[in-house]
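J.: Using only what follows, build the 3D model:
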Amino acid sequence: MFPLLILISQSVSANAFTEFKQPITFVEQQRIVYAAVASSENEREYGLMFQTKLAEDQSMLFIYPDQAERAMWMKNTLLALDVVFLSSDGRFVALLKDLQPCLKDPCRIYKSKVPAKFMLELPAGAIDKYAIKVGQTATLP
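T.: Numbers count the residues shown, from 1 in each chain. Now for the predicted structure:
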């Protein structure tokens, strides 16, 4: 019974800051998605963990204090995601498609392989659906 209480507690705290309000425009596509923003270390650590649904126009924007190679994993993430890494000027610099949930260790580590200041998590399939390509741009909040 105790592990179940921990899972419920983590689920509530993980979703406490997940408000999809910040508009992000994919410039070349003229497509807007709304992002929850993860700018603190704690918010970035939790990300979309335990989130059970993500609408087509929802995303999570991770903001880092500097531009560097980024790494992420899908631990306790219940949804398949596409991930777009962006430079400080909003240019797409790396793409990861259809990352699958990881519910038990060891979870694979995914890397941007190039410096990025932002990471945007989208529902799986969004990169292909919106024809997102490296070198294109987004306006960020």
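J.: Check the burial of residue 117 by counting its neighbours.
T.: 20 (other Cβ atoms under 10 Å). Yep, even glycine has a C-beta here, placed from its N, CA and C like the rest.
J.: just the one 5 residues further on next, same as before
T.: By the other Cβ under 10 Å criterion, the neighbourhood of residue 122 contains 24 residues.
J.: again, but for residue 141
T.: 11.
J.: so where do the helices sit in this structure?
T.: 2-15, 41-46, 126-129 (DSSP state H).
J.: distance of residue 96 from residue 49?
T.: Look at residue 96 and residue 49: by Cβ to Cβ, to the nearest Å, they are 17 Å apart.
J.: do the same with residue 137
T.: Residue 137 sits 29 Å away from residue 49, taking Cβ to Cβ as the criterion.
J.: Could you do residue 104 as well?
T.: In terms of Cβ to Cβ, residue 104 sits 14 Å off from residue 49.
J.: wait, isn't residue 58 in contact with residue 121?
T.: No: in this structure, residue 58 is not within contact of residue 121 by Cβ atoms under 8 Å, at 9.5 Å.
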